[in-house]
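Colleague: just coords:
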């Protein structure tokens, strides 16, 4: 059972994970760049993230991988450079990772997700994936997926881009 959801707070999949945790009353957190930097300005304070000493994204990416029991990477299409880096950090640190691609509608993603959580006894889950600027639908797809996968209904939270 997931006890905490973490992410780096970037627009898109990261924030969908944080918003899902808020909707589901699951503890949340994670590490973000210095200055709460994101592609659309500062990451809102409602997200309880710890600022790193650097504004470089790769430091928070690695810290979130290390601080979790496993990582889910959400995309619609191929991995971006940042998502590929997340995957590389998971491999380097021998941390479980699952890539779920919404481009493939026929896959039973919920089954893979639940099996991943069970197989690796995930308590702290790191959410990563595409930014809004690279895929406009990734926030909604990820948010709705997490609510359904964790057996809750969507409340209509919308991310402001």
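Modeller: Received it, and whenever you're ready, just let me know what you need. In this text the structure is predicted, and so the values were computed from the model without any measurement.

Colleague: Distance check, residue 139 against residue 130.
Modeller: Distance of residue 139 to residue 130, computed by C-beta to C-beta, to the nearest Å: 9 Å. Yep, even glycine has a C-beta here, placed from its N, CA and C like the rest.

Colleague: For the two, list the residues in contact with both.
Modeller: Contact criterion C-beta atoms under 8 Å, 6 or more residues apart in numbering; residues shared by residue 139 and residue 130: 12-13.

Colleague: quick one: which of these two has more around it?
Modeller: Using other C-beta atoms under 10 Å, the more surrounded residue of residue 139 and residue 130 is residue 130, with 29 against 26.

Colleague: mind checking which helix or strand residue 62 is in?
Modeller: Taking DSSP states H and E as the criterion, residue 62 maps to helix 57-66.

Colleague: and that helix, how far out from the chain's middle?
Modeller: 12 Å (C-alpha atoms, centre = their mean, to the nearest Å).

Colleague: immediately after it, which helix or strand?
Modeller: Note on helix 57-66: by DSSP H and E, the next helix or strand toward the C-terminus is strand 70-75.

Colleague: So the residue nearest to the spatial centre of the chain, which state does it fall into?
Modeller: Centrality entry for the chain: nearest residue to the mean C-alpha point is residue 127, 1.8 Å, by C-alpha atoms, centre = their mean. Each residue gets one of three states, and residue 127 gets strand by DSSP: H, G, I helix; E, B strand; the rest coil.
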